[in-house]
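Student: generate coordinates for the sequence data below:
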Amino acid sequence: MIFIGLGANLPTETYGPPRAALGAALEALQGQGPVIRQHSPWYESAPVPVSDQPWYVNGVCRIETTLTAQQLVALLLDLETRFGRLRSVQNAPRILDMDLLAYNDLVLAGSDPSALSVPHPRMYGRAFVILPLADIAPDWVDPVSGKAICDLRAALPEDQQTRPMADAHGLFGTEWPGQAGE
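Tutor: Alright, predicted model coming up:
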């Protein structure tokens, strides 16, 4: 199974509030070939590390694609740029963040910070990733540690503030109506 993590905490002029932009991003991703098979509920999450930024909206989706992991990451980075993400400092607020969390049982450990690492090395211990991943893949097992998602969820730090959001009844549970106005 291939999982993508999504997050945003800044509105966009084109797509509106963060959750609407995430719906538009999923629609754009699907328009490039990957098929979204499942998406988690959306979560509001305090920034990690703690800061005075606005809270994030986060979620996870399961996709199917013929793209390699490297091609998929290139597509995700391109979508972030097309949506207006500007990379400045680490942990800066963002219009759109899309990360490859896991690509089937593939394990890649990049030797330098710019190299691709799969599963995503910073997903562990982050409630805004583990909780939505557990919602859609309760049987997922981390190919690196061999730990089940329920064990990763049980080991989450208690100080992270994360809460589920009500479905917004738009595309992918967001406020985004979709290009067809669905």
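
Student: look at residue 29 and tell me its secondary structure.
Tutor: The three-state assignment at residue 29 reads helix, by DSSP: H, G, I helix; E, B strand; the rest coil.

Student: for the closest residue to it other than its chain neighbours, give me its contacts.
Tutor: Nearest non-adjacent residue to residue 29, counting by Cβ to Cβ, 6 or more residues apart in numbering: residue 79, 6.2 Å away. Yep, even glycine has a C-beta here, placed from its N, CA and C like the rest. Neighbouring residues of residue 79 by Cβ atoms under 8 Å, 6 or more residues apart in numbering: 25, 28-29, 32, 96, 98.

Student: show me which positions of the helix or strand containing residue 79 end up buried.
Tutor: Element membership of residue 79, judged by DSSP states H and E, is helix 69-82. Residues 69, 72-73, 75-76, 79-80 are the ones in helix 69-82 that count as buried (16 or more other Cβ atoms under 10 Å).

Student: go on, stretch 103-110?
Tutor: Going by neighbour count (16+ other Cβ under 10 Å), the buried part of stretch 103-110 is residue 103.

Student: same question, stretch 29-43
Tutor: For stretch 29-43, burial by neighbour count (16+ other Cβ under 10 Å) applies to 29, 34, 36, 39-40, 42-43.

Student: then stretch 116-136?
Tutor: For stretch 116-136, by 16+ other Cβ under 10 Å, it's 116, 118-120, 123-124, 126-136.

Student: stretch 79-92 too?
Tutor: So for stretch 79-92, counting by 16+ other Cβ under 10 Å, buried means 79-80, 83, 85.

Student: tell me if residue 131 really is in a helix.
Tutor: Yes - counting by three-state DSSP, residue 131 falls inside a helix.

Student: quick check: the gap between it and residue 98.
Tutor: From residue 131 over to residue 98 the distance is 18 Å, taken as Cβ to Cβ, to the nearest Å.
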